[in-house]
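[1] Any chance you can model this:
(chains A and B)
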Amino acid sequence: MNNIKSIFSFKDIHVEVEGKEVVRGVSLEVKSGEKHAIMGPNGSGKSSLANALAGHPKYLITSGEAYIDGMNLLEMDATQRSRAGLFLAFQYPLAIPGVTVANFLRSAIKARDGNEESALANFRKELKQKFQLLQIDELFATRYVNDGFSGGEKKRLEILQMAMLKPSIAILDETDSGLDIDALKVVSEGINSSFSKENAVILVTHYQRILNYVKPDFVHVMINGQIVRSGGAELALQLEDQGYEWVRDEMLEKVGV
Amino acid sequence: MTEIVDKSRIGVADIGDDYREKYGFRDPEEYFHKGAKGLDHEVVEMISRMKKEPEWMRIFRHKALDIFLSKPMPTWGNTELLRTIDFDNIYYYIKPIENQGQTWDEVPESIKNTFERLGIPEAERKFLAGVSAQYESEVVYHSVKKEIERQGVVFMDMDTGLRNHPDIVKKYLSTVIPSADNKFSALNSAVWSGGSFIYVPEGVDVKMPLQAYFRINAENMGQFERTLIIADKGSRVHYIEGCTAPVYSSNSLHSAVVELIALEGAYIRYTTIQNWANNIFNLVTKRAMAHKNATVEWVDGNIGSKLTMKYPCVYLVGEGAKGEILSVAFAGNGQHQDAGAKVIHAAANTSSRITSKSISKAGGRASYRGLVKVYPQAVNSKVSVECDALLIDGASRSDTYPTMEIDADEVRIEHEARVSRVAEEQIFYLTSRGLTEDEARLLIINGFIEPFTKELPMEYAVELNRLIELEMEGSVG
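    Alright, predicted model coming up:
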């Protein structure tokens, strides 16, 4: 393994939610410039993995290791993980009534950058650019965070946050769910344009659809809390054609059931 | 700690001080007159004599004292705390200086410095049409912009108002809140001193706010200002008051009476940012009369004090009158904010809106106590009441005591009450964007009270958010 380029890695991660193990030993190494997709049926533990890695207090990592830019992720709280460059796009983003999108973004940027003057100098200009990219009306900035937003608006706001916060590793948890085809294209474009050789992205998804627009380098299939198969982009197409059953059957064969 | 509120726009100084340093400091006592503690007819006589008042006011005071002495303590609200008030251990009248200043240079150095530290002269220069600064029992500084005076607007301390405009004062004083209304209005009527007197002539629009600032300095002080605002037909005025005090181990009492009269088509907005130290009993009676097509708005923020019992009220006595009461109460450790609102619909086509927001943390208690009464003649009226309580932790408490008495037909009523906690999921959402838990909570709280802060002038909105930030520091438990 070439650790120099590795920006995010985790090994044998186990996750418990309310005493129940939902992720049972998952490992992955992500290098800069890579796009990974973690696919799996509902209840396979992929969202739990994403939340646990981002530091959600309800998702307890009971064993394993994780590193971001060589730093021990598991010693950090959610705030520190974010400041270290991790970003989680939520499957169900939360409403913060009374807090405008602009104020929220400004607060987040300020919070992570000690020198607020420089962080905020280009804020307006940049926000405007990202609005255009994501085809968002500028009035959006004055609305309250996710308060009364449609499903599509919520997902756009997640991608907008990612674009503004510029993480080194973004985990996108079912960002494609609930989007119509036009919204999916726009969101995908937002993801692609935030992506470079310097950072990486993990798409967590049920469906192959978004992978037509955000082409993954690696596809991992997660079932019953484990990654049971990894491959290239073609694996996603195979899943689309044949569903998850064959992977499941194959897995059962492997363990000799 | 990183700051959430964007103050860069208006350049308010850095934060991080606590109440004790920022507001809780005290000045040496070099008073012109400081009587003995306790209250009887002699004290009332002395106050009236020192103020060289007309005979009717002297009698008014003595009668009110009799009412105060005969009236029992309220049997509702926080009766346990009310019982701890020791009326014999309070100074009822302290005159800090002999003469009021018209410029800050005429105010003694130490008192001037106090108000400088509180930012009053700066606010005055920036955006106020007039300022009144009360220190203990008397207004020590008062100034009004010339153009406001030229419009015929009267803005002065209540004592001067009584001297210079005895007819108006006699006509309106105590007509909205009689001495016998409650024990504390009787007390105020007996020993009142200072406060503001405002008269806005017909059709005059006072474009910039008028402000009064109330400062208690002495320990065991009783401050009893009396405010009377009359907005004549079609006029408009916005009055703002703020208040702070030093931190002492024993209690002080602030018991104001505020009467507003909005004549036909007039508009009065009365904004309060109450930030008393946590040893102050804040027992205030505020009431307005809104005549035909008049509008009265109370914007009432309660952050400080040990116990506040205050229910700004609007009597809608003329057809088409409107009343709005928007309040925020923040109850921290050892505090009880028993705040609320009262609206009386006594004429047809009147409308009212009550929005109450409360935040409790660290064992603090916030209560909403409200009354909406619609008399039979108030047909086709509209009532809207919304109470929203936010609990920061499990040790804190919120109660709602809404009363509605609807005796008219064709009244449209909306009522909503909610109690919520800061959700763990919300905190995670914000921390996953790089905010600390403290910053996340604060942002959620600022959002919660946004319907209130957006009604304040920018400088006050920033100040309020800053005060709440101070209150929230280190509250994570």
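
[2] Backbone dihedrals for the residue of the stretch 1-150 of chain A found nearest chain B, please?
    The stretch 1-150 of chain A approaches chain B most closely through residue A:98 (3.0 Å), counting by Cβ to the nearest Cβ. Using the backbone N, CA and C atoms, a C-beta is placed for each residue, glycine as well. When read as degrees, to the nearest 10, the backbone of residue A:98 gives phi 90, psi -10.

[3] Contacts (any at all) between chain B and stretch A:125-140?
    No - no part of stretch A:125-140 sits close enough to chain B to count as contact by Cβ under 8 Å from any Cβ of the partner chain; the gap is at least 13.9 Å.

[4] In that stretch, which residues are buried?
    A:126, A:127, A:130, A:131, A:133, A:134, A:136, A:140 (16 or more other Cβ atoms under 10 Å in any protein chain shown).

[5] again, but for stretch B:445-457
    Buried, per 16+ other Cβ under 10 Å, within stretch B:445-457: B:445, B:446, B:447, B:448, B:449, B:450, B:451, B:452, B:453, B:455, B:456, B:457.

[6] would a markdown table of the buried residues of stretch A:125-140 with secondary structure be doable?
    Below are those laid out as a markdown table (DSSP: H, G, I helix; E, B strand; the rest coil):
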| residue | secondary structure |
| --- | --- |
| A:126 | helix |
| A:127 | helix |
| A:130 | helix |
| A:131 | helix |
| A:133 | helix |
| A:134 | coil |
| A:136 | coil |
| A:140 | helix |
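
[7] near chain B, which residues of the stretch 101-250 of chain A?
    A:103-104, A:106-108, A:110-112, A:116-117, A:120, A:144-145, A:161, A:165.

[8] Just the buried ones among these, please.
    By 16+ other Cβ under 10 Å, those give A:103-104, A:106-108, A:110-112, A:116, A:120, A:144-145, A:161, A:165 as buried.

[9] State the pair within the residues you listed that is farthest apart.
    A:116 and A:144 (22.8 Å; Cβ to Cβ).

[10] if we can go back for a sec, pLDDT check: weakest of the residues of the stretch 101-250 of chain A next to chain B?
    Here the lowest pLDDT out of those sits on residue A:116, with 60.

[11] Residue B:332 - how many residues pack around it?
    For residue B:332, the count of nearby residues is 24 (other Cβ atoms under 10 Å in any protein chain shown).

[12] tell me the SS of the residue of the stretch 101-250 of chain B found nearest chain A?
    Distance from chain A to each residue of the stretch 101-250 of chain B (Cβ to the nearest Cβ) is smallest for residue B:240, at 22.3 Å. Using three-state DSSP, the structure places residue B:240 in strand.

[13] dump the residue contacts of it.
    B:128, B:209, B:210, B:211, B:212, B:271, B:272, B:273, B:457, B:460 (Cβ atoms under 8 Å, 6 or more residues apart in numbering or on different chains).

[14] give me that answer again for 7 Å
    B:209, B:211, B:271 (Cβ atoms under 7 Å, 6 or more residues apart in numbering or on different chains).

[15] Is it correct that the last one is in contact with residue B:299?
    The one in question is residue B:271. Yes - the pair residue B:271 and residue B:299 passes the contact test of Cβ atoms under 7 Å, sitting 4.3 Å apart.

[16] Run through the strands of the stretch 351-477 of chain B in chain order.
    Here the stretch 351-477 of chain B has its strands, by DSSP state E, counting those that start in this stretch, at B:351-360, B:365-374, B:382-391, B:397-406, B:412-421.

[17] Okay, angle between the last one and strand B:351-360 too, please.
    Between strand B:412-421 and strand B:351-360, the angle comes out at 10 degrees (axes from the mean of the first three to the mean of the last three Cα atoms, to 10 degrees).

[18] got any ranges where the chain has weak pLDDT?
    Let's take chain A. A:1-4, A:114-119, A:254-257 (pLDDT under 70).

[19] meant chain B, my bad for not saying
    B:1-18, B:473-477.
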